[in-house]
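Participant: Pasted the sequence and its predicted model underneath.
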Amino acid sequence: MTQLNPRKFRVAAYAVVIDDGKMLLSRWIGSGEKLWILPGGGIEFGEDPYDAVIREVHEETGYHVEVQRLLGMQTSVGKRVSNVDGLEYDYHRLRIIYEAKVVGGELTFEVDGSTDEAAWFPLDQVPALDHVESVDFGLELLRAAPPHGHLPSFT
């Protein structure tokens, strides 16, 4: 009998924050390698994604943001190795991506979380950064502004 891999499903809310030609990113440290990501994260039970993205951006960057609009969603299914127990999971991510702007606060770094740094990068430097694909996806959603909030597939 074939043993099935455990499954994990994660729903998270992220923000594309651009100001004066620069993009705000957080540095994720969850997998042992450091990758730049859109600021945001997991939605808590009973929490509205709109509220989650505001909370998560503040936790990771120190900034207070105002959501401008829902850009769309990204779904990704694949395997990953858990950095906690070493097991391989069938992992499904659903990312809800908003456009937001900074309305207060100051740049600070998350302590004891899944990120360790936040920074502003000129848009033309973002492609060269070690980053997760959702950064490119969020920029493409912002650029294309599909009325249904969905891009077929993105590589």
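Facilitator: Sure thing, it's come through.

Participant: Check which helices and strands the lowest-mean-pLDDT helix or strand in the chain sits against.
Facilitator: Ranked by mean pLDDT, DSSP states H and E, the weakest helix or strand in the chain is strand 63-81, scoring a mean of 89. Under the contact definition 3 or more Cβ pairs under 8 Å, 6 or more residues apart in numbering; DSSP states H and E, strand 63-81 sits against strand 7-19, helix 49-61, strand 88-105, helix 133-144. Backbone N, C-alpha and C define where each C-beta goes, glycine included.

Participant: And it, what's buried?
Facilitator: 63, 65, 67, 70-74 (16 or more other Cβ atoms under 10 Å).

Participant: I'd like the distance from the host helix or strand of D116 to the chain centre, please.
Facilitator: With elements delineated by DSSP states H and E, D116 resides in strand 115-122, which encompasses its position. Mean-position distance between strand 115-122 and its chain equals 13 Å (Cα atoms, centre = their mean, to the nearest Å).

Participant: Format the CA atom coordinates belonging to that strand as CSV.
Facilitator: The C-alpha trace of strand 115-122 is given here as CSV (Å, rounded to 0.1, in the frame of the first residue of the first chain):
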residue,chain,number,x,y,z
THR,A,115,11.1,37.4,8.5
ASP,A,116,14.2,39.2,9.8
GLU,A,117,14.5,42.3,7.7
ALA,A,118,12.4,44.7,5.5
ALA,A,119,13.7,47.1,2.9
TRP,A,120,12.8,49.3,-0.1
PHE,A,121,14.2,48.3,-3.4
PRO,A,122,14.2,50.3,-6.7
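
Participant: Apart from its neighbours in sequence, what residue is nearest V53?
Facilitator: Setting aside the residues directly before and after it, V53 is nearest to A13 in space (Cβ to Cβ, 6 or more residues apart in numbering), at 3.8 Å.

Participant: quick one, what contacts the one you found?
Facilitator: 40-41, 43, 49-50, 52-53, 56, 95-98 (Cβ atoms under 8 Å, 6 or more residues apart in numbering).

Participant: who wins for most neighbours among the residues you listed?
Facilitator: G40 (30 neighbours; other Cβ atoms under 10 Å).

Participant: That one and V53: what is the separation?
Facilitator: Plainly put, G40 is 5 Å away from V53 if you go by Cβ to Cβ, to the nearest Å.
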